[in-house]
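> Would you be able to build a 3D model of this:
(chains A and B)
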Amino acid sequence: MTVTLIFLAVIMITVIVWLLRQTLNVQPWVSDPAADAVSGTSLPAHTKTIGLTAFLAVATSLFALFVSAYTLRMQMVDWRPLPEPDLLWINTGFLVLASVAYQWTRGQAIKGHDPAVKAGLLTSGILSMLFLGGQFVAWQQLNGAGYYLSSNPANAFFYLLTAVHGIHLLGGLFVWARSTLKVWGGGEADTVRLSIELCTVYWHFLLLVWVVLFGLLLST
Amino acid sequence: MSYAAVHEDDHHDHKPTGIGRWLFSTNHKDIGTMYLVFALIMFFVGGAMAMVIRAELFQPGLQYVDPQFFNSMTTIHALVMIFGALMPAGVGLANWMIPMMIGAPDMAMPRMNNMSFWILPFAFTLLLSTFFMQGGAPAAGWTMYPPLVLQMGDGFPFLIFAIHFLGLSSIMGAINIIATVFNMRAPHMGFMKLPLFVWTWIITAFLLIAAMPVFAGAVTMLLTDKYFGTAFFDAAGGGDPVMFQHLFWFFGHPEVYIVALPAFGMVSDVLATHARKNIFGYRMMVWAILAIGGLSFVVWAHHMYVSGMNPYFGFFFATTTLIIAIPTALKVYNWVLTLWQGNIHLRVPMLFAIAFIFTFVHGGLTGLFLGNVVVDLPLSDTYFVVAHFHMVMGVSPVLVVFASIYHWFPKMSGRMFNETLGRWHFWLTFLGTYSIYLPMHYLGFLGVPRRYYAMGTTDFIPESAQTLNATMTIAAIIVALAQLIFLYNMVISLRNGKKSGPNPWGATTLEWQTPDTPPKHGNWGDELPVVHRWPYDYSVPGEEQDFTPQTVPASEVPVGRDHGVTHG
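Numbers count the residues shown, from 1 in each chain, chains lettered A, B, ... in the order given. Predicted structure coming up:
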């Protein structure tokens, strides 16, 4: 539980401190024309950016829950860790490259290089799918070696964590597909720029989550 | 938001009519209405289930339903009331009021808004369809503790997926509200000029974001336990059922505040408006909301004192529970002090709002009993607990929702409700619910356990306890029938109510300053309102009117008003 608690404490403290700062040294009951002019600015960010940030908090909360459940369950006597297939290292490589490719595509989209954006999107999409395919093969390998879902809680957690992470990546690929179809259908890169920028953040986030999960699986 | 965006919205005014208007609506007011109507339907569905429970308890022994069905009734009554009635009612009012209160033309993400509503009926179809399945509807209590819940029949995945969809809907709603409040406030609308209802919803949205995923994750693990042979919680396979309780209540306690906080906000605004007085201690109220939001994550294990946990753990959670009582009590004091020397208008919304203070203090105090480990142990799983949580998160928020609906009905419809019917509705509901839940506390002290369809003969429960049960059933029937008065009042007033005018209560906040009543699509016409003052300028000395709307600039009011402070 500590992981979830620490994470939530950090989120809530950040939010509360930020909100608190809006409330200090303000005497709202005094209507002061000078103060009117400066207060009340909206955030400079786009609505969708705020939306994605909030969603990242949701996803982090979910993963933090699973990680804390994992660390709790691990301490029991019947826990028998399973050997991680080496394939996971290759998959990690794919995901890193996908993230890098998205970052590059983002740069090209900002510059407005349409052909480069097309290529970049395709590359990062294919790399992400390679990652997902690799994860699936890793499942097959484990299953083939007799590490079934139900034979040990450690196995159950392995399948659950990788599945939940994969589902999040699939969600990202849905957005990726929309912007890719738009660009390849002749749309200008500028129309999908925001989508690409947000996807870049999301891919980095999923890479980070995967590194944490993979580290946890390796170390236990 | 720029003015261009407002113009853009005008093009959408040629909206489809009939069913299409509702199915594809991206108008925050239409979606708010759908949420409210859905909540009302679910309120009656959940109420009907409560009637089945009360009918069964009217006489000793098994009368009408079989025990399994009785358990399903208690379980689904809770799920329907919490996720179907209370939360959607809060979201519905948020949808209607937040964009208008902050001076925005609509929500930040209108299409997602539509989606988050339409997921709800779908989720409840999943949930209620379990009644017709092999093995029946869920009957293990709304807390879904394993291993009992894992023994459920074919309906189990429907229960889990219904919860996933409900969570999805809530999270989308929360993200939308955060984006709206952070990004779409009218010019000069600073955070400290927001009505308290908006403040409570900011924190509620963060609670939803942090708590809902934990719940969704926990029930997913239940699902894999049942169908994929994992053993997260299933003790038979080496799992730990208490871990589920931790995860559930880690969500479950913030959930109480997800229901209660918006109610706090609404009641603050209603009290200030009808007492013609600024809310007492606005900044303190905001800080109390922030404190409650933060603390609500560190009190969860007070639901689990009897689960056999480490006594020091219990000590910690008893302490945090008493600490969270401090900001909550501050809010109650501030509400009472808002009424102090106010020019109180006892109109229907105000009656409900004041009644809320009574029921909430009542439920809050019994909460202090249950928050202490030694007092909780004998009271755990008795009717005292049932009475406590119905007072604090059943009756109290429902009273506030009624207060808010009566309060904002003139703005939503442009018409007044029938005051006499409203008063009948209020007194029957308020006195009726008290006569249900006050005796229930006493049953709890006797040691009558909850969730039983009938009591056998025991040494400690006197026969007179049954007389109380019969009384409570009669009171419950009266309260249920009184809700039909509300329904009737709303329906006839929508058609025949007399025109209310734009601001019948003389309120200061932005939603009452819209150019049209009921507001048109885009709310503000061509120009967004500009905010010049905080939302509680009531009965300011030296003013002609007893309220100054937020849109009135300082240059239009007498120099030197503002509590004796002079500005240029």
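> Tell me the residue of the stretch 1-150 of chain B that sits nearest chain A?
B:Ala108 (4.3 Å; CB to the nearest CB). The C-beta positions use only the backbone N, C-alpha and C, and glycine is treated the same way.
> helix, strand or coil for the closest residue to that residue other than its chain neighbours?
Leaving aside its sequence neighbours, B:Ala108 sits nearest to B:Ala179 (CB to CB, 6 or more residues apart in numbering or on different chains; 3.8 Å). Under DSSP: H, G, I helix; E, B strand; the rest coil, the three-state class of B:Ala179 is helix.
> B:Ala179: what's it in contact with?
A:Thr47, A:Ile50, A:Gly51, A:Ala54, B:Ala108, B:Met109 (CB atoms under 8 Å, 6 or more residues apart in numbering or on different chains).
> And for B:Pro88?
By CB under 8 Å, 6+ apart, the contact list for B:Pro88 reads B:Tyr35, B:Leu36, B:Phe38, B:Ala39, B:Met42, B:Leu120.
> Check these and tell me the two furthest apart.
The span of the contacts of B:Pro88, defined through CB to CB, is set by B:Leu36 and B:Leu120 at 12.0 Å.
> Of the two, which one has the most company?
Counting neighbours by other CB atoms under 10 Å in any protein chain shown for B:Leu36 and for B:Leu120 shows that B:Leu120 has the greater number, 25 against 22.
> how about low-confidence regions in chain B?
Across chain B, the ranges flagged by pLDDT under 70 are B:1-16, B:558-568.
> that older thread, pretty sure the residue of the stretch 1-150 of chain B closest to chain A contacts A:Ala45?
No. Taking contacts as CB atoms under 8 Å, B:Ala108 lies outside contact range of A:Ala45: 11.0 Å.
> Pick out whichever of these two has more residues nearby.
Neighbour totals were compared for B:Ala108 and A:Ala45, and B:Ala108 leads with 25 against 14 (other CB under 10 Å).
> Does the more buried one belong to a helix, a strand or coil?
Relying on three-state DSSP, one would call B:Ala108 coil.
> And B:His345, by the same measure?
coil.
> and it, how many residues sit next to it?
Neighbour number of B:His345 under other CB under 10 Å is 13.
> Please see if the lengthiest helix in chain B touches chain A.
Longest helix in chain B, counting residues (DSSP state H): helix B:241-275. Yes. Applying CB under 8 Å from any CB of the partner chain, one finds helix B:241-275 touching chain A at B:Met243, B:His246, B:Leu247, B:Phe250.
> contacting residues for the first one?
Right, B:Met243. B:Met243 neighbours (CB under 8 Å, 6+ apart): A:Ala69, A:Leu72, A:Arg73, B:Phe232, B:Phe233.
> What is the burial count for the second one?
If I follow you right, that is A:Leu72. Neighbours around A:Leu72, by other CB under 10 Å: 17.
> Show me what secondary structure element comes after the worst-scoring helix or strand of chain A on mean pLDDT.
The helix or strand of chain A with the poorest confidence is helix A:33-38; it has a mean of 52 (mean pLDDT, DSSP states H and E). Next helix or strand after helix A:33-38 toward the C-terminus (DSSP states H and E): helix A:47-74.
> Mind listing the residues bridging to the spatially closest residue to B:Gly506 that is not a sequence neighbour?
If the residues on either side of it in the chain are set aside, B:Gly506 comes closest to B:Phe547, at 4.8 Å by CB to CB, 6+ apart. On the basis of DSSP bridges, B:Phe547 is bridged to B:Tyr538.
> surely B:Phe547 meets B:Thr509?
No. Using CB under 8 Å as the test, B:Phe547 is too far from B:Thr509 to be in contact (9.9 Å).
> if you count what's nearby, which of those two comes out ahead?
Between B:Phe547 and B:Thr509, counted using other CB under 10 Å, the more crowded position is B:Thr509 (27 against 20).
> Could you pull up the contacting residues of that one?
Contacts of B:Thr509 by CB under 8 Å, 6+ apart are B:Met101, B:Pro195, B:Asp269, B:Pro535, B:Pro549, B:Gln550.
> And A:Arg73, by the same measure?
So A:Arg73 contacts A:Trp79, A:Pro153, A:Phe157, B:Phe232, B:Asp240, B:Met243 (CB under 8 Å, 6+ apart).
> ok, so what distance separates the fifth one from B:Tyr333?
So that's B:Asp240. Distance, B:Asp240 to B:Tyr333, by CB to CB, to the nearest Å: 42 Å.
> More neighbours: which of those two?
B:Asp240 (19 against 13).
> Check the gap between that one and chain A for me.
Counting by CB to the nearest CB, to the nearest Å, the separation of B:Asp240 from chain A is 7 Å.
> With B:Arg276 instead?
B:Arg276 is 15 Å from chain A, by CB to the nearest CB.
> re the thing from before, shared neighbours, B:Ala108 and A:Ala45?
Common neighbours of B:Ala108 and A:Ala45 (CB under 8 Å, 6+ apart) are B:Asn183.
> hey, where'd the helices end up in chain A?
A:2-23, A:33-38, A:47-74, A:87-111, A:114-144, A:153-184, A:193-219.
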